[in-house]
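Visitor: 3D model of this:
(chains A and B)
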2 protein chains.
Amino acid sequence: MIACLSSNLPNLHSTPTAPGQTTSEPDSKPQARKLKSSPQLNRWSRARAVRSGRKLDRLGHRSPQSSVNFKVRDRDGVDLEPERISDGEDNVEAMEGKSIYMVSDGTGWTAEHAVNAALGQFEHCLVDRNCAVNTHLFSGIDDVEQLMVIIKQAAKDGAMLVYTLADPSMAESAKKACELWGIPSTDVLGPITEAIASHLGVSPSGLPRGAPGRNFPLSEEYFRRIEAIEFTIKQDDGALPQNLQKADIILSGVSRTGKTPLSIYLAQKGYKVANVPIVMGVELPKSLFQVDPEKVFGLTINPLVLQSIRKARARSLGFRDEIRSNYSEMDYVREELEFAGRIFAQNPVWPVIEVTGKAIEETAAVVLRLYHDRKHKCSMPRISKRY
Amino acid sequence: MIACLSSNLPNLHSTPTAPGQTTSEPDSKPQARKLKSSPQLNRWSRARAVRSGRKLDRLGHRSPQSSVNFKVRDRDGVDLEPERISDGEDNVEAMEGKSIYMVSDGTGWTAEHAVNAALGQFEHCLVDRNCAVNTHLFSGIDDVEQLMVIIKQAAKDGAMLVYTLADPSMAESAKKACELWGIPSTDVLGPITEAIASHLGVSPSGLPRGAPGRNFPLSEEYFRRIEAIEFTIKQDDGALPQNLQKADIILSGVSRTGKTPLSIYLAQKGYKVANVPIVMGVELPKSLFQVDPEKVFGLTINPLVLQSIRKARARSLGFRDEIRSNYSEMDYVREELEFAGRIFAQNPVWPVIEVTGKAIEETAAVVLRLYHDRKHKCSMPRISKRY
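Guide: You can find the predicted model right below:
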């Protein structure tokens, strides 16, 4: 329900505000109506002031998505009710940069994924802070009134709308409302659903996630993924070398080459993954050389990058341990990488994947391409599934 | 490179072949050219026969995505060279059901995600097996020759193409080739990228992942996600109750309510998650009641569903243990759920989320909606990020 309506404080990824940044002005939007002071207005103003103080606290210490180095003016309440409350805090309410509203009658993860992928095309200006972007994800929006409130707010914010609305009447309403309010909008789900419908000769159900009649089935595949995740968690960091036989994929590499997050990413796709850390001076488990070498993948990284990762890691863990003080020193880093390199050279069947400059999902794509390619020789590498 | 070209055996999610299933016939495609027998043909035929035997072995035992119950005619090699090899195995080469080719010059995960979301609109016929769908993901396709080979094969397969090609000339080539070859195609990345470009007033870089000039930055946010994943793994299954203070989110519930995969899913989004299992007869850690109750979420499930999950779990673990034989018995299941229910009733601040019939990402969306809503009162719940 829509009670008193203010936005969440944006979660921050980098220092967002660039000098010279102008706030976008909506083109053809209803004008903000200025209201006289009222008890309700004062109450909301006070509430916003309190929240403002609380939010700074929370943002600095608790929010998982805030950056330690952020500098931003606090954005307090944005009123989603049709009458916009205008008071002395008007300029604070305006968000820095451009906003993207992502609206879904389901989870919203598809819209988020698509927007993230597209934003990858603007890294050059995001990183320079020449364009600042805020995204706001609204999930479970399955009634048209909530949709309209969001769209009206988007209009006030000069935002664009990206939506995944499985219900065709909701999608139609979104499209029309955006046209009416002059908001750029993109339907991420409609075109591909229609294309598949046409291809299969079947009409889409129009049911969003969570709708009656659309229950998630507990299939073999579901159980297998759960099993893969649980296996991989137990296996993390060389915990159970005797289980290497059961793994589908084995990752080996020195500390901080990304084995843990990569193994988890792959596990979520259904692969049982075991990690075998390479540590100078520590013998590798014998079972590593007894398994099918085609399932072992080596990870390597640029020494400078590894050093900076290790320094960051040591800082965050508060390392003072004398023995570990080598951990992030350049000589040690190089030696350890060379040690790993010699192991990889002795096991030439293992592909060695350079992880420098790659996101986890990129390395995962490389691993899986190789994995499937090796399973099925003489193919254009692909990952195939049957539904 | 494209050496001898055959497809990977599809990975199976369910028993795919329905009676009466017709194989799709391409509409306007180049006809298969029949070649006379040749040494190369014989070699490929033998290779396919061998692979056929090998694949059945692997599929039954090793592929993480094969179903134990599958029944399918083996699909062997599909030749991706322009001359289609035709031999006695022609009908085996035709894939059951309709194919969707997903092509990306990056990881392909966006295309896969979008296709999965859209296929959710066809569950009613996928589950009945009235429409069978095969997907094939081609990632890292960053040169136009590979693209053309894939498109030609899609044409032969009567497949549709879904692509995320950041390079505009590749996207243009894909579009034109699909028109030329009469393949339905959907550009998943282009429309949203153009919309954002127009909104920001900035041109997209046109650089796919992995291209020079597009290195993944090691940001604060990246390190924080790694930390969240590592925290959550160490915390799994009540491992370290003293660390509940450090968690952003705490999940509690009886065994098999999905705590582990849910915690991992949330961790990948940057949240430190701790799991506290509720076990009848076992005291909950005191620290659970000392932390901010607003970060605790209870999970519950329908008893019949829980029982079937536990039975499946016990089977896969080979449970014979007398003590644990209760684990999946209905009375015990009900008792344990009631036990959990009483704990939840005593802690009314904890939301209790029903996970029955929900995929992990759906439950995650509910948790995060509540989480962000509680952090920022009086809002239309949303998840906001700053780029």
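Visitor: Just confirm residue A:381 contacts residue A:373, I think it does.
Guide: Yes - counting by C-beta atoms under 8 Å, residue A:381 touches residue A:373, with 4.0 Å between them. C-beta here means a position set from N, CA and C on the backbone, and glycine is covered the same way.
Visitor: So which of those two has more stuff around it?
Guide: Per other C-beta atoms under 10 Å in any protein chain shown, whichever of residue A:381 and residue A:373 has more neighbours is residue A:381, with 20 against 17.
Visitor: after the helix or strand containing residue A:170 comes which helix or strand?
Guide: Following DSSP states H and E, one finds residue A:170 within helix A:168-181. From helix A:168-181 onward toward the C-terminus, using DSSP H and E, the following helix or strand is strand A:185-187.
Visitor: So what are the sheet partners of that following strand and their directions?
Guide: Using DSSP bridges, the strands paired with strand A:185-187 are strand A:160-164 (parallel).
Visitor: what is the mean pLDDT for the partner strand?
Guide: On average, the pLDDT along strand A:160-164 is 98.
Visitor: Run through who's touching it.
Guide: Identification of contacts with strand A:160-164 by C-beta atoms under 8 Å, 6 or more residues apart in numbering or on different chains yields A:98-106, A:108, A:110-111, A:114-115, A:151, A:154, A:171, A:174, A:178, A:183-189, B:117, B:192, B:195-196, B:199.
Visitor: Pretty sure residue A:107 sits against residue B:358.
Guide: No - counting by C-beta under 8 Å, residue B:358 is not a contact partner of residue A:107; they are 9.6 Å apart.
Visitor: Who has more neighbours out of those two?
Guide: Between residue A:107 and residue B:358, counting by other C-beta under 10 Å, residue A:107 is the more crowded of the two (27 against 21).
Visitor: and the more buried one, how far is that from chain B?
Guide: 4 Å (C-beta to the nearest C-beta, to the nearest Å).
Visitor: again, but for residue A:296
Guide: Taken as C-beta to the nearest C-beta, the span from residue A:296 to chain B is 15 Å.
Visitor: dump the residue contacts of that residue.
Guide: By C-beta under 8 Å, 6+ apart, the residues touching residue A:296 are A:250, A:252, A:288, A:347, A:349, A:350.
Visitor: nearest to chain B, of the residues you listed?
Guide: Using C-beta to the nearest C-beta, residue A:250 comes nearest to chain B of the contacts of residue A:296, at 13.4 Å.
Visitor: mind checking the backbone torsions on that closest one?
Guide: Dihedral angles of residue A:250 (phi, psi; degrees, to the nearest 10) stand at phi -120, psi 130.
Visitor: Double-check it against residue A:244; I have them as touching.
Guide: Yes - judged on C-beta under 8 Å, residue A:250 makes contact with residue A:244 at a distance of 6.0 Å.
Visitor: What residues are bridge-paired with the closest residue in space to residue A:235 that isn't next to it in sequence?
Guide: With sequence-adjacent residues excluded and distances taken as C-beta to C-beta, 6 or more residues apart in numbering or on different chains, residue A:235 is closest to residue A:274, at 4.3 Å. Per DSSP bridges, the residues bridged to residue A:274 are residue A:250.
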